[in-house]
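Enquirer: Here is my input, please return the structure:
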Amino acid sequence: MVWLRLLFFALAIYLAWRLLFPRSGRRREAGKWGRGGKPLPEEMKQDPVCGTWVPITQAEKAEINGETYYFCSRACRDRYLESIKKS
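Expert: Okay, the predicted model is just below:
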């Protein structure tokens, strides 16, 4: 019976530890985080209108003739689409 008491005591200590020191929130998505918990750099694309570099996850996109173009804003995207229509 001593081993049962020890097992119960160890379980109580473990549960108390987990309550006092919980793990850090949500697990990070695989592939988006590097060593040391730092995010991996995102792929950047240059806006063809103003030249600003934009992360592709935050960029406005337009597909023209099967090619994807990335823009910093809707205004730049619309300006580019207008210039294509004129030419």
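Enquirer: Could you tell me how far Cys50 is located from Ser73?
Expert: For Cys50, the distance to Ser73 (Cβ to Cβ, to the nearest Å) stands at 8 Å. To be clear about C-beta, it is placed using only N, CA and C from the backbone, and glycine gets the same treatment.
Enquirer: and what of Trp3?
Expert: Counting by Cβ to Cβ - Trp3 and Ser73 are separated by 68 Å.
Enquirer: more crowded one of the two?
Expert: Taking other Cβ atoms under 10 Å, Trp3 and Ser73 do not tie; Ser73 has more neighbours (15 against 7).
Enquirer: Now the more buried one: closest residue in space that isn't a chain neighbour?
Expert: Take Ser73 and drop its neighbours on the chain: the residue closest to it by Cβ to Cβ, 6 or more residues apart in numbering is Glu60, 6.2 Å away.
Enquirer: That neighbour: neighbour count?
Expert: 17.
Enquirer: give me every residue that touches it.
Expert: The contact partners of Glu60, by Cβ atoms under 8 Å, 6 or more residues apart in numbering, come to Tyr70, Phe71, Cys72, Ser73, Arg74, Cys76, Arg77.
Enquirer: if we go to 6 Å?
Expert: Phe71, Arg74, Arg77 (Cβ atoms under 6 Å, 6 or more residues apart in numbering).
Enquirer: want to try a markdown table for those, with neighbour count as columns?
Expert: Output for those, formatted as a markdown table (neighbours: other Cβ atoms under 10 Å):
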| residue | neighbour count |
| --- | --- |
| Phe71 | 24 |
| Arg74 | 10 |
| Arg77 | 20 |
